[in-house]
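*Asks:* Show me how the following folds:
(chains A and B)
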Amino acid sequence: MNALEASGLSKSYGKHWALENCSFELPTGSIAGLVGPNGAGKTTLLHIAVGLLRQTRGSIRILGEEPGSARVLARVGFVAQEMPLYKSFTVDEMISFGAHTNVGFDAQHARHRMEHFEIPLDQRAGSLSGGQRAQLALALAFAKHPDILLLDEPLASLDPLARREFLKILMEGIVDSGVTVLLSSHLLTDLERVCDHMMVLARGRFRLIGDTTEIVNTHKVLIGPRDRAGSISGVDQVLHQSTTERQSTLLVRTNGPIIDPAWMVNQVSLEEVVLAYLDSRATADGAEPELHAVRTEVAR
Amino acid sequence: MIEFRLESRSGIAPYLQIVQQVKHALRLGTLRTGDQLPTVKEVVGSIAINPNTVLKAYRELEHEGLVEGRPGVGTFVLKGLDGPPPHAHAALRRSLLRWIRNALEAGLDHESVEALFDSTFREAAEEEIA
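*Replies:* Next up, the predicted model:
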């Protein structure tokens, strides 16, 4: 079962296409990273998934249903960018507000979390630090006991220490609940260790979708002589190429082992791979790499 | 109890790093038969990684017969890790020496030998576990 899936999903604002022909499947239980530069369409996609926006074309199903109905919303947790909280509300009032506006909201759970993080219940939301705001927003989202949790750039406003802290709390919450998570970010290094799925979005289109480990394993950097830069056995596609007078450095997607001894094979980090897909104009032939989907299975 | 740490830039898959760290602790005797490994929740709460990664590592260790998961209780060490007998070391060392001499004769310098060994070893390790 897929917690979230889309087919041919497109959204236009006037003449501008924010999303174009996006198709993906997110299996239940996965922790997925939605990665892309600002303006790539990440927020648009998340807003369509929770029913805040409607697509222009294509279809999307969240927990097997059309987004937006009260029934499905009760099972969806969503933390919008900048973690909107009512500034003049105290932490406790914010939690009560959540309890009044959500079915099955576990206010006690949220209060316990606040106590655990030593955030006073009578403090105004407007005076919380960035990290505390994030904790409160996350506590409110988890109090719904959602089946899927969508987080829009939850790390963007946090300093590195608070980011790490936030991810720890998020991961602990996932162990307890088994919730499917999709979080967007333009900070790759933070996502690498928490996400088992990567969805790379640029200029409204998906560039790369797949299992994180698969992606890292099937991409290599090859360094070798320039005149050998023809077709190499084991190379599926060259994503990025830079050459000096005598040497070529290639970032490639492989479909088998590279055995040609002329090439020195190096491991790549996820960041290097994702950057290569994002920076699509930098490919050897000037064409954009086609969407590459790595088939995946998620065990839980 | 042991603690894990993750090297982001090592190029080694996170689950494999956990497997290696458990084995290392078994070899050193930091972990002994009957010891409990940290729970998944403890691990994700200390190093902020995907719980599935920890589960995958523990399954791999279980598969190798080194640990045992007891439902609702935790994961426990079944046996320590003893190295192979000394004569196995000596034989392997001799064949490795032959290989190194061949590599040097072929014109590879020290660093290339190391790089070639590292990348081949990593590939073999990945195949073994995948």
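*Asks:* ok, then the element right after the helix or strand hosting A:Leu46?
*Replies:* In this assignment (DSSP states H and E), A:Leu46 forms part of helix A:42-50. Counting by DSSP H and E, the next helix or strand C-terminal to helix A:42-50 is strand A:57-62.
*Asks:* hang on, the earlier thing: tell me the angle of the helix holding A:Leu46 relative to strand A:57-62?
*Replies:* 70 degrees (axes from the mean of the first three to the mean of the last three CA atoms, to 10 degrees).
*Asks:* Average pLDDT for helix A:42-50, rounded please.
*Replies:* The pLDDT scores in helix A:42-50 average 95.
*Asks:* tell me which residues in the host helix or strand of B:Arg93 are buried?
*Replies:* Assigned by DSSP H and E, B:Arg93 belongs to helix B:86-105. Residues B:Ala103 are the ones in helix B:86-105 that count as buried (16 or more other CB atoms under 10 Å in any protein chain shown). Any C-beta I mention is one placed from the backbone N, CA and C, and that applies to glycine too.
*Asks:* can you check stretch B:61-69 too?
*Replies:* B:Leu61, B:Leu66, B:Val67.
*Asks:* can you pull out the helices in chain B?
*Replies:* B:14-28, B:40-47, B:51-63, B:86-105, B:110-129 (DSSP state H).
*Asks:* er, chain A I mean
*Replies:* A:42-50, A:70-73, A:91-101, A:107-116, A:130-143, A:160-177, A:188-192, A:212-217, A:270-278.
*Asks:* Tell me which of the ones you listed sits nearest to B:Arg32.
*Replies:* Closest to B:Arg32 of the helices of chain A, according to CB to CB: helix A:160-177, at 26.3 Å.
*Asks:* Relative to B:Val67, how far out is the most centrally placed residue in chain B?
*Replies:* For chain B, B:Gln20 is the residue whose C-alpha lies nearest the centre (CA atoms, centre = their mean; 2.4 Å). Relative to B:Val67, B:Gln20 is positioned 14 Å away (CB to CB, to the nearest Å).
*Asks:* What parts of chain B come near chain A?
*Replies:* B:6, B:8-9, B:11, B:13-15, B:40-41, B:44-53, B:55-56, B:115, B:119, B:122-123, B:126, B:130 (CB under 8 Å from any CB of the partner chain).
*Asks:* ok, of those residues, which come out buried?
*Replies:* Neighbour-count burial (16+ other CB under 10 Å) is assigned, among the residues of chain B next to chain A, to B:6, B:13-15, B:40-41, B:44, B:47-53, B:55-56, B:119, B:122.
*Asks:* low-scoring stretches of chain B, by residue?
*Replies:* By pLDDT under 70, the low-scoring segments of chain B are B:11, B:82-86, B:129-130.
*Asks:* got the domain boundaries for it?
*Replies:* B:14-77, B:86-129 (automatic domain parsing).
*Asks:* Ok, which of these comes nearest A:Gly256?
*Replies:* Comparing the domains of chain B by CB to CB, domain B:86-129 comes nearest, at 11.7 Å.
*Asks:* Distance from the chain centre to the closest one, please.
*Replies:* Put simply, domain B:86-129 sits 18 Å off its chain's centre (CA atoms, centre = their mean, to the nearest Å).
*Asks:* And for stretch A:77-87?
*Replies:* Centroid separation for stretch A:77-87 versus its chain: 17 Å, with CA atoms, centre = their mean.
*Asks:* can you check stretch A:13-22 too?
*Replies:* Distance, centroid of stretch A:13-22 to centroid of chain: 20 Å (CA atoms, centre = their mean).
*Asks:* same check, this time on stretch B:21-34
*Replies:* 11 Å.
*Asks:* Kindly report the same for stretch A:156-175.
*Replies:* Distance, centroid of stretch A:156-175 to centroid of chain: 14 Å (CA atoms, centre = their mean).
*Asks:* if we can go back for a sec, ok, the nearest residue to the residue nearest to the centre of chain B once chain neighbours are set aside - how many residues close by?
*Replies:* Leaving out its chain neighbours, the residue that sits closest to B:Gln20 by CB to CB, 6 or more residues apart in numbering or on different chains is B:Ile12, at 7.6 Å. For B:Ile12, the count of nearby residues is 17 (other CB atoms under 10 Å in any protein chain shown).
*Asks:* So B:Ile12 is in contact with B:Arg122, correct?
*Replies:* Yes: if you go by CB atoms under 8 Å, B:Ile12 and B:Arg122 touch, sitting 7.4 Å apart.
*Asks:* In CSV, list the helices of chain B along with distance to A:Gly14.
*Replies:* CSV is the format used below for these (distance: least, CB to CB, whole Å):
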stretch, distance to A:Gly14
helix B:14-28, 43
helix B:40-47, 44
helix B:51-63, 41
helix B:86-105, 63
helix B:110-129, 49
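*Asks:* among those, which is nearest A:Lys11?
*Replies:* helix B:51-63 (30.9 Å).
*Asks:* Return the residues of the stretch 101-250 of chain A in contact with chain B.
*Replies:* Checking the stretch 101-250 of chain A against chain B by CB under 8 Å from any CB, the hits are A:164, A:167-169, A:171-172, A:174-176, A:189, A:192-196, A:213, A:216-217.
*Asks:* now those: which count as buried?
*Replies:* In these, burial by neighbour count holds for A:167-169, A:171-172, A:174-175, A:192-196, A:213, A:216-217, counting by 16+ other CB under 10 Å.
*Asks:* what two of those residues have the greatest distance between them?
*Replies:* Every pair of those checked by CB to CB; the farthest is A:Ile169 and A:Asn217, at 29.6 Å.
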